[in-house]
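> I'd like to go over a predicted model; first the sequence, then the structure.
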Amino acid sequence: TWYRRTVFSGGCSDISPSVKITVTPLPIASIQYPGTPYCSNAGLVSVSLTGSPGGTYSSSPVGLSMNTEDGEVNTIASVPGIYTVTYTIVASGGCSQVTATTTIEIKSDGVWTGTFSTDWNNTGNWECNILPTLSTNVIIPGSLVNYPTLSTGLTGKAKNITIQNGASLTVTGNTLQIAGDVSNSGIFTAGNGTIEMAGNSLQNITANLFADNTILNLTINNPSGVNLLGTLNISGVLKAQTGNLNTGGFLTLLSSSTQTALIDGSG
């Protein structure tokens with residue numbers, strides 16, 4: 001409270017009027033997600049706020065599942081990527097708007113790292129130490145030391161598969177189930193392996209997808225069917241378990257002195 005005193009003379013008393021002044025401290029804040037980067041299966045993760053409460057949270061680009069009131073992030077519902085999170089305290093009490101920003105990264109479970117070996121079924125070779133499922137988009141980057149080979153153990157699973165330039169994927173003596181499509185800029189070898197098209201919507205096997213355009217076995221397990229868009233040679237068994245294969249005239253069943261490919265329509 002501020003006072004001003006006026007002194008009078010000639011028999012008049014002094015006058016001391018007062019004015020109340022309110023000083024509002026400027027809000028301050030900083031935020032961070034201490035565990036970033038997070039794997040996409042981490043679930044709910046909380047923000048660490050230091051400073052003034054009462055603000056709201058926003059993020060960019062789109063794709064982050066976040067509670068705008070408390071900054072909590074649902075990694076399972078978020079699209080993998082790197083996001084900027086902004087905490088905003090609106091202008092009030094004569095103070096201007098205050099913002100604080102931080103970044104949070106959601107990592108994809110389906111990125112191959114090859115940290116330990118070439119074994120597809122070794123969880124340590126995958127980002128976040130999780131084997132892919134039929135809902136996992138798999139990315140095999142180029143410029144690695146170890147590239148995945150699915151040969152023993154569990155059946156391999158993936159949704160969409162991206163094999164980048166310089167990368168490779170080998171299926172031998174085992175089965176790889178694919179629920180989506182494959183984009184191949186590297187080498188995809190399945191001359192001694194089984195490929196099972198296991199989606200629910202129409203799938204395509206593109207031209208020149210496999211090394212030498214040849215695989216051992218192909219299983220169709222998709223009620224919506226599969227389109228063959230380029231030359232494919234099968235040296236083992238073509239099995240129509242569920243759905244149809246539209247060959248487009250591109251399919252060849254190989255025959256040799258030791259083995260003749262065949263069609264198994266038993267479902």
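Arrived safely.
> by mean pLDDT, flag the weakest helix or strand of this structure.
Every helix and strand in the chain was compared by mean pLDDT, DSSP states H and E; the lowest is strand 2-3, with a mean of 47.
> give me the neighbour count for residue 247.
Using other CB atoms under 10 Å, residue 247 is surrounded by 14 other residues. In this view, the C-beta of every residue, glycine as well, is placed from N, C-alpha and C.
> how near is it to residue 253?
10 Å (CB to CB, to the nearest Å).
> could you do residue 87 as well?
In terms of CB to CB, residue 87 sits 63 Å off from residue 253.
> in terms of neighbours, single out the busier of those two.
Neighbour count, other CB under 10 Å: between residue 87 and residue 253, residue 87 has more, with 21 against 14.
> now do the contacts for that one.
Contacts for residue 87 (CB atoms under 8 Å, 6 or more residues apart in numbering) come out as 29, 31, 47, 49, 55, 56, 57, 71, 99, 100, 101.
> distance check, it against residue 133.
Remark: distance between residue 87 and residue 133 (CB to CB) = 35 Å.
> same question for residue 50.
With distances taken as CB to CB, residue 50 is found 38 Å from residue 133.
> which ones are touching residue 214?
Residues counted as contacts of residue 214 (CB under 8 Å, 6+ apart) are 191, 232, 233, 234, 235, 254.
> low-confidence regions, this protein specifically.
Applying pLDDT under 70 to the chain flags the ranges 1-24, 93, 257, 265-267.
> hmm, 50 instead?
Scanning the chain with the threshold set as pLDDT under 50 gives 1-3.
> helices of that one, start to end?
Counting by DSSP state H, the chain forms no helices at all.
> what number of residues lie near the nearest residue to residue 36 once chain neighbours are set aside?
If the residues on either side of it in the chain are set aside, residue 36 comes closest to residue 104, at 4.8 Å by CB to CB, 6 or more residues apart in numbering. Here the number of neighbours of residue 104 (other CB under 10 Å) works out to 25.
> which strand residues bridge residue 104?
Beta bridges link residue 104 to residue 83, judged by DSSP bridges.
> from residue 32, how far off is it?
Residue 104 is 9 Å from residue 32, by CB to CB.
> so how far is residue 126 from residue 146?
For residue 146, the distance to residue 126 - CB to CB - is 12 Å.
> typo on my end, it should be residue 211
Counting by CB to CB, the gap from residue 211 to residue 126 is 23 Å.
> which one's more surrounded, these two?
residue 126 (23 against 17).
> list the contacts of stretch 249-265.
Here stretch 249-265 makes contact (CB under 8 Å, 6+ apart) with 207, 214, 228-240, 245.
> let's see that with 7 Å instead.
By CB atoms under 7 Å, 6 or more residues apart in numbering, the residues outside stretch 249-265 that reach it are 228, 230, 231, 232, 233, 234, 235, 236, 237, 238, 239, 240.
> can you count the residues close to the closest residue to residue 187 other than its chain neighbours?
The shortest distance from residue 187 to any residue other than its chain neighbours is 4.1 Å, reached at residue 168 (CB to CB, 6+ apart). Using other CB under 10 Å, residue 168 has 19 neighbouring residues.
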